[in-house]
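Asks: okay, predicted coordinates and the sequence, questions at the end:
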Amino acid sequence: MSQRVELLPEARDDIHTLSAQLRREVVRLLVTLEQNPYLGREMWVVRGFEVLTDCRSIKFDTPGRKGKPRYRLVYRNEPDEGAIAVVCVLAVGERKQMTAYKQARARLHARRRQEE
């Protein structure tokens with residue numbers, strides 16, 4: 001069964017700022033998410049990032065690069081309980097200085113304000 005993957009406009013912009021190799025890797029991850037919305041690890045409760053506890057994160061980098069992956073794709077399965085209707089990509093960016101997580105947090109806050 002395949003899931004619908006949607007990207008926030010800002011997440012789409014994030015992807016366009018990446019190198020061609022990284023963009024190809026993100027596309028590969030997005031295709032995989034269509035088949036497996038549980039691909040990423042569940043987010044931990046980290047002070048200041050509690051809003052992301054129902055999100056997931058995938059580590060990635062350019063293929064063949066040695067060392068820890070420098071980038072993160074942060075997404076949320078919606079709804080978070082029951083049958084998943086949409087895999088919503090919130091942010092794609094560097095892990096350095098928690099950039100991807102900070103972007104995801106801000107975007108999720110903005111999205112929730114719009115829904116109110």
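Replies: Alright, I've got the coordinates.

Asks: how many neighbouring residues does T99 have?
Replies: Counted with other C-beta atoms under 10 Å, the neighbours of T99 add up to 15. Backbone N, C-alpha and C define where each C-beta goes, glycine included.

Asks: residues contacting it?
Replies: For T99, the contact set (C-beta atoms under 8 Å, 6 or more residues apart in numbering) comprises G93.

Asks: part of a helix, is it?
Replies: Yes. Checked against DSSP: H, G, I helix; E, B strand; the rest coil, T99 lies within a helix.

Asks: please report how far the spatially most central residue of the chain lies from K66.
Replies: In the chain, the C-alpha nearest the mean C-alpha coordinate belongs to V74, at 1.9 Å (C-alpha atoms, centre = their mean). From V74 across to K66, the span is 24 Å (C-beta to C-beta, to the nearest Å).

Asks: circling back to that earlier point, how about the residue nearest to the centre of the chain: what's its closest non-neighbour residue?
Replies: Nearest residue to V74, sequence neighbours excluded (C-beta to C-beta, 6 or more residues apart in numbering): A104, at 3.9 Å.

Asks: wouldn't the one you found be in contact with V89 here?
Replies: No. If you go by C-beta atoms under 8 Å, A104 and V89 don't touch, sitting 9.2 Å apart.

Asks: overlap in contacts, these two.
Replies: When contacts are counted by C-beta under 8 Å, 6+ apart, A104 and V89 have V74 as shared neighbours.

Asks: more crowded one of the two?
Replies: A104 (31 against 26).

Asks: before we move on, what's the pLDDT of that one?
Replies: The score at A104 is 95. That number is its pLDDT.

Asks: can you check E81 too?
Replies: For E81, the model assigns a pLDDT of 64.

Asks: quick one: contacts for the residue nearest to the centre of the chain?
Replies: Here V74 is in contact with 43, 52, 55-57, 89-92, 100-101, 103-104 (C-beta under 8 Å, 6+ apart).
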